[in-house]
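1. structure of the sequence below:
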Amino acid sequence: MEDYRNPRPVEENSNIPMITLLVLVALVIALLYVGWQSMSDETTKTEVVLSTAPQSDAMKGQDDADLVTAPSEMPEEDVENEAKKASEKAEIKKKEKEEKKVDEKEKEEPKKKEETAKPEKKATEVAVKGTSFTHTVQSGETFYGIANRYHLSKSALQTLNPDISPEGIKVGITKLNVKVKAIHTVGPGDILRVVAEKYGVSKQLIMTANKKTKDLTERGEKLIIPLP
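-> Numbering: from 1, shown residues only. Below you'll find the model as predicted:
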């Protein structure tokens, strides 16, 4: 007997949906993996930026303070070197002051010499006082020899004869103005020792002024009494 029932439809292959589902799941996993990777990269970048971010104002101020105060903390060797330099400068200044004092003293010494020389001139003027006597230059005499004869200094004789050059005197022509203490006329008993005691000069000076080689005098003789 023929079976008139409709035949059971053939079921489609049930493997296709499973494959599709697996593909979708793989895609979702892949997307999740990619998203996770991107998130991890952003996180690392953020950490790097934060680690390299500029310091705060407080930190900057602290760093600046450290930079300023750091040089003040000098090593002991630098401190010793600075002290040595300071001592050397002080010594140089002292030496300069001492040199200045020496220079000032050297400048003052000529002034003192000039001041001490002035009284000598006064003494010369005092020594020149006396009786005027004219001396005619004789053979063999020099300007300075005549000064010694009459016990005068060279400057005193030059002061008495300012117009005469010591090198230009001539025998028998040049006449020199000489100052002597007195001109004594020998009287009875006037030996040289007595005359010397009378005028307060040495006998030898009287003999030199009168060119005497012996202790002899003659009555009426005029003796030149030099200044003592």
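2. which secondary structure element of the protein has the lowest mean pLDDT?
-> None of the helices or strands of the chain scores lower by mean pLDDT, DSSP states H and E than helix 57-69, at a mean of 48.
3. OK, contacts around residue 222?
-> Contact partners of residue 222, counting by C-beta atoms under 8 Å, 6 or more residues apart in numbering, are 183, 184, 185, 186. All C-beta spots, glycine's among them, are computed from the backbone N, C-alpha and C.
4. out of those residues, which are buried?
-> Buried members of these, scored by 16 or more other C-beta atoms under 10 Å, are 184, 186.
5. make JSON lines out of the contacts of residue 222 and add secondary structure and pLDDT.
-> Below are the contacts of residue 222 laid out as JSON lines (DSSP: H, G, I helix; E, B strand; the rest coil; pLDDT from 0 to 100):
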{"residue": "183", "secondary structure": "strand", "pLDDT": "93"}
{"residue": "184", "secondary structure": "strand", "pLDDT": "94"}
{"residue": "185", "secondary structure": "strand", "pLDDT": "94"}
{"residue": "186", "secondary structure": "coil", "pLDDT": "93"}
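6. could I get the contacts of residue 222 as JSON lines with distance to residue 206?
-> Listed next are these as JSON lines, based on distance: C-beta to C-beta, whole Å:
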{"residue": "183", "distance to residue 206": "11"}
{"residue": "184", "distance to residue 206": "9"}
{"residue": "185", "distance to residue 206": "14"}
{"residue": "186", "distance to residue 206": "11"}
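7. from the contacts of residue 222, pick the one nearest residue 134.
-> residue 183 (11.4 Å; C-beta to C-beta).
8. and the closest one, how far is that from residue 196?
-> Using C-beta to C-beta, to the nearest Å, residue 183 is found at 15 Å from residue 196.
9. same thing with residue 143?
-> Distance of residue 143 to residue 196, given as C-beta to C-beta: 27 Å.
10. now swap in residue 177 and tell me
-> Relative to residue 196, residue 177 is positioned 25 Å away (C-beta to C-beta).
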